[in-house]
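Q: Coordinates for the following, if possible.
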Amino acid sequence: MDIIKYKIGCRNCLKSSNIPHLTTIREEDLNIYKKSEFDLMLTIENWRSEAGHLCEFCGSSNLEFYDISVNDYQLYNFENLVAMCKILHNRMLQINIDKKDNDLSLTFAGCDHIEENYLKKSLAEIINFIKDRPDNDFTAHPIGHLFICLTVGYNFSSHQIDIKFERYICHGLSKDDIINTFKPYLEQFGISW
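A: Numbering: from 1, shown residues only. Below is the predicted model:
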């Protein structure tokens, strides 16, 4: 048996009890050790949605799941990702959008250098992901935050760029907030939105 531990925040009221929630599963049910925090977040979203779980503060079903661990092993671990990127010769891209009093700021972090084709492909993947997410993920508030971490590398077998989402946290931003913040880069790389 494996224990999945995670925290829950509400995108509608922006509250969290900050109390870890636990789910016990049989290991053969889910190959959790090969998943990123992002992958397991999507699985937890489905479980909680199917069970009809709601925010304990406002009753909304618009929940986000973060700080996910399996048997006390934190799935999103910056140092481990850096080490993995060095071994595999991959790049890490972290994107932060912060919103305060409706003012938006964008910062890129991760590795010291990311090739332009990796950045272009990563931004296209992020935009497609944002467009495909349910609209209720993007409840605008005067304050908000988006954090996405990706690992990017070249797959010599398929001769393609592989992108893996490692972490996704988003609250307080509308889809328009995100797209407009990325707009200069999307135009620069010719990415449609």
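Q: going forward, measure contacts between C-alpha atoms and count neighbours the same way
A: Will do.
Q: who's in contact with stretch 64-81?
A: Outside stretch 64-81, the residues that touch it by C-alpha atoms under 8 Å, 6 or more residues apart in numbering are 2-11, 32-33, 35-37, 40-41, 44-45, 92, 166-167, 169-170.
Q: taking these one by one, which sit in helices?
A: Assignment to helices by DSSP state H places the following of the contacts of stretch 64-81 there: 37, 40-41, 44-45.
Q: could those be laid out in TSV, adding pLDDT, neighbour count and distance to residue 119?
A: Compiled in TSV, those are given as follows (pLDDT from 0 to 100; neighbours: other C-alpha atoms under 10 Å; distance: C-alpha to C-alpha, whole Å):
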residue	pLDDT	neighbour count	distance to residue 119
37	96	25	21
40	94	25	25
41	95	22	24
44	94	19	29
45	94	16	28
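Q: Mind putting those residues into JSON lines with distance to residue 126?
A: What follows is those, written out as JSON lines (distance: C-alpha to C-alpha, whole Å):
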{"residue": "37", "distance to residue 126": "16"}
{"residue": "40", "distance to residue 126": "18"}
{"residue": "41", "distance to residue 126": "16"}
{"residue": "44", "distance to residue 126": "20"}
{"residue": "45", "distance to residue 126": "19"}
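Q: those strands in the chain, which residues are they?
A: Across the chain, reading from the start of the chain, the strands by DSSP state E fall at 2-10, 21-25, 63-70, 73-74, 91-100, 103-110, 144-155, 160-171.
Q: Check the burial of residue 70 by counting its neighbours.
A: Each residue near residue 70 was counted by other C-alpha atoms under 10 Å, and the total is 19.
Q: For it, which residues count as its bridge partners?
A: residue 4, residue 73 (DSSP bridges).
Q: per-residue pLDDT, the residue nearest the centre of the chain?
A: Among the residues of the chain, the smallest C-alpha distance to the mean C-alpha position (C-alpha atoms, centre = their mean) belongs to residue 168, namely 1.1 Å. We note a pLDDT of 97 for residue 168 in this prediction.
Q: Same question for the one 4 residues further on.
A: Looking at residue 172, its pLDDT reads 96.
Q: same question, residue 30
A: In this model, residue 30 is scored at 61, pLDDT.
Q: try the one 5 residues further on
A: Confidence at residue 35, expressed as pLDDT, is 87.
Q: Equivalent analysis for residue 57, please.
A: 97.
Q: In this protein, which helix is the longest?
A: In the chain, assigned by DSSP H, the helix with the most residues is helix 116-132.
Q: what mean pLDDT would you report for that helix?
A: Model confidence over helix 116-132 averages 93 on the pLDDT scale.
Q: What is it packed up against?
A: In terms of contacts (3 or more C-alpha pairs under 8 Å, 6 or more residues apart in numbering; DSSP states H and E), helix 116-132 is packed against strand 144-155, strand 160-171, helix 175-189.
Q: Which one, of those, ends up nearest to residue 133?
A: Between residue 133 and the helices and strands packed on helix 116-132, the tightest spacing by C-alpha to C-alpha is seen for helix 175-189, at 9.5 Å.
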